[in-house]
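Enquirer: Here is the input, now give the coordinates:
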Amino acid sequence: MSYQHKHGLVIMRAQPFHIGHEKIINRMLNECEKVTVLLGSIQEHGTSKNPFNYTSRKKMIQNIYRNTPDYPRLKIMGIYDINNPIEWADYVLDFLNESIPEWGLPDVYYAGSTYDAHWFKSAVKKIELVDRTDPDFPFVSGSMIRDMLKYKDARWKNFIHPANCDLIQNHFENHQGIS
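Expert: Sure, this is the predicted structure:
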């Protein structure tokens, strides 16, 4: 199969991993020979903004893709935030170069907004924006889902792959005291 790009990169918190994240990864798998998903903020978990740890977030992605023929082309890794916007892209690319040198550096960065993409505009050859306001796809955000879970609004399941509903529900039932 011929792909538009050699190596695609996306960075997401995935708190939790939802259908919008899945849309980005599916597009990347269609367009890129190799796909790297970096789960950011791995030093944060157990808070209202970052309830899930790195392992749980990685498992959410694996639950969807592990048994697909595309899984060998997909790398899922975690990365710490450095809270230094000026050095962020270089930090990420250095991390990738050390972690998966055989894959080479990404030639395309996928993002859900121009703000998310602007850190990489001079670090990669191409930026691909995934339209978050697509009228044919429901608007979704992690904070929206976390609020639905907090207020016991069952509609959150409409925005999560069925393979992850139990994992997410169990997490929230067992961690009621998240601040």
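
Enquirer: Disregarding flanking residues, what is the spatial nearest neighbour of residue 84?
Expert: residue 91 (7.4 Å; Cβ to Cβ, 6 or more residues apart in numbering). Quick note: C-beta positions are derived from backbone N, CA and C, even for glycine.

Enquirer: The one you found - how many residues pack around it?
Expert: 16 (other Cβ atoms under 10 Å).

Enquirer: Does it belong to a helix, a strand or coil?
Expert: Here residue 91 is helix, with the state taken from DSSP: H, G, I helix; E, B strand; the rest coil.

Enquirer: tell me the pLDDT at it?
Expert: Looking at residue 91, its pLDDT reads 97.

Enquirer: Surely residue 146 and residue 50 touch.
Expert: No - taking contacts as Cβ atoms under 8 Å, residue 146 lies outside contact range of residue 50: 9.5 Å.

Enquirer: what touches both of the two?
Expert: Counting by Cβ atoms under 8 Å, 6 or more residues apart in numbering, the contacts common to residue 146 and residue 50 are residue 15.

Enquirer: show me the contacts for residue 158.
Expert: By Cβ under 8 Å, 6+ apart, the neighbours of residue 158 are residue 138.

Enquirer: Could you rerun that using 10 Å?
Expert: 18, 19, 138, 140, 145, 148 (Cβ atoms under 10 Å, 6 or more residues apart in numbering).

Enquirer: Please narrow those residues to those residing in helices.
Expert: Within the contacts of residue 158, residues falling in helices by DSSP state H are 19, 145, 148.

Enquirer: Any buried residues in the host helix or strand of residue 166, and which?
Expert: If you go by DSSP states H and E, residue 166 is part of helix 162-174. Residues of helix 162-174 classed as buried by neighbour count (16 or more other Cβ atoms under 10 Å): 164, 167, 168, 171, 172.

Enquirer: so what's residue 137 scoring on pLDDT?
Expert: 86.

Enquirer: now do the one 3 residues further on
Expert: Per-residue confidence (pLDDT) for residue 140: 92.

Enquirer: go on, the one 3 residues further on?
Expert: The predicted local confidence for residue 143 comes out at a pLDDT of 95.

Enquirer: roughly how far apart are it and residue 25?
Expert: As judged by Cβ to Cβ, to the nearest Å, residue 143 and residue 25 stand 20 Å apart.

Enquirer: More neighbours: the two, which one.
Expert: Between residue 143 and residue 25, counted using other Cβ under 10 Å, residue 25 has the larger neighbour count: 23 against 10.

Enquirer: Show me what the helix or strand containing that one is packed up against.
Expert: Using DSSP H and E, residue 25 falls within helix 19-31. For helix 19-31, the packing partners by 3 or more Cβ pairs under 10 Å, 6 or more residues apart in numbering; DSSP states H and E come out as strand 5-12, strand 32-39, helix 54-65, strand 74-78, strand 108-111, strand 126-129, helix 142-150.
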